[in-house]
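*Asks:* 3D model of this:
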Amino acid sequence: QVQLVESGGGLVQAGGSLRLSCAASVRTFSSYTMGWFRQAPGKEREFVAGISWSAPSTYYADSVKGRFTVSRDNGKNTVYLQMNSLKPEDTAVYYCAARYRVLRPDTYDYWGQGTQVTVSS
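*Replies:* Presented below is the predicted three-dimensional model:
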């Protein structure tokens, strides 16, 4: 079982930055592809960014490319999402997710509880 705990959300003005963290309680963290998703009120959950488990590669939704950066520290069992140039439309609950040994998964097996990000205009 993998437990994921997000942190770092909050209220920020448009144009500002936040860094989200997701700590995983699993010994083999380096074997998990990690993803970030978000869900805004009244909308479906959407993919934001991912970082694969092997020779880590990163991938992003078009809406965040050039503004968000996903990274991981396997020594700390943590994945990060650096969010710059935030826009009001980035307001959502952000979730991290994990999938074992799949480079770019369509689905994830484990999810965190989410952290709220609110961007004011």
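*Asks:* got a pLDDT number for residue 36?
*Replies:* Per-residue pLDDT puts residue 36 at 98.
*Asks:* just checking, what packs against whichever strand or helix holds it?
*Replies:* Using DSSP states H and E, residue 36 falls within strand 32-39. When contacts are defined as 3 or more Cβ pairs under 8 Å, 6 or more residues apart in numbering; DSSP states H and E, strand 32-39 sits against strand 18-25, strand 46-51, strand 68-73, strand 78-83, strand 92-100. C-beta: built from backbone N, CA, C; applies to glycine.
*Asks:* quick one: the fourth one to strand 92-100, angle?
*Replies:* What separates the directions of strand 78-83 and strand 92-100 is an angle of 140 degrees, with axes from the mean of the first three to the mean of the last three Cα atoms, to 10 degrees.
*Asks:* make CSV out of the helices and strands packed on strand 32-39 and add mean neighbour count, mean pLDDT and distance to residue 10.
*Replies:* Formatted as CSV, the helices and strands packed on strand 32-39 follow (neighbours: other Cβ atoms under 10 Å; pLDDT from 0 to 100; distance: least, Cβ to Cβ, whole Å):
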stretch, mean neighbour count, mean pLDDT, distance to residue 10
strand 18-25, 19, 98, 6
strand 46-51, 20, 97, 17
strand 68-73, 18, 97, 16
strand 78-83, 22, 98, 11
strand 92-100, 22, 97, 11
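*Asks:* so can I have JSON lines of these showing distance to residue 40?
*Replies:* Below are these laid out as JSON lines (distance: least, Cβ to Cβ, whole Å):
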{"stretch": "strand 18-25", "distance to residue 40": "15"}
{"stretch": "strand 46-51", "distance to residue 40": "8"}
{"stretch": "strand 68-73", "distance to residue 40": "15"}
{"stretch": "strand 78-83", "distance to residue 40": "14"}
{"stretch": "strand 92-100", "distance to residue 40": "4"}
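*Asks:* show me the one of those that comes nearest residue 1.
*Replies:* In terms of Cβ to Cβ, the element of the helices and strands packed on strand 32-39 nearest to residue 1 is strand 18-25, at 8.4 Å.
*Asks:* would you put the C-alpha positions of the closest one in CSV?
*Replies:* Provided in CSV are the C-alpha atoms of strand 18-25 (Å, rounded to 0.1, in the frame of the first residue of the first chain):
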residue,chain,number,x,y,z
LEU,A,18,3.7,27.9,-5.3
ARG,A,19,5.6,24.7,-4.8
LEU,A,20,3.5,21.6,-4.0
SER,A,21,5.1,18.5,-2.4
CYS,A,22,3.9,15.0,-2.2
ALA,A,23,5.5,12.6,0.2
ALA,A,24,5.1,8.9,-0.4
SER,A,25,5.3,6.2,2.3
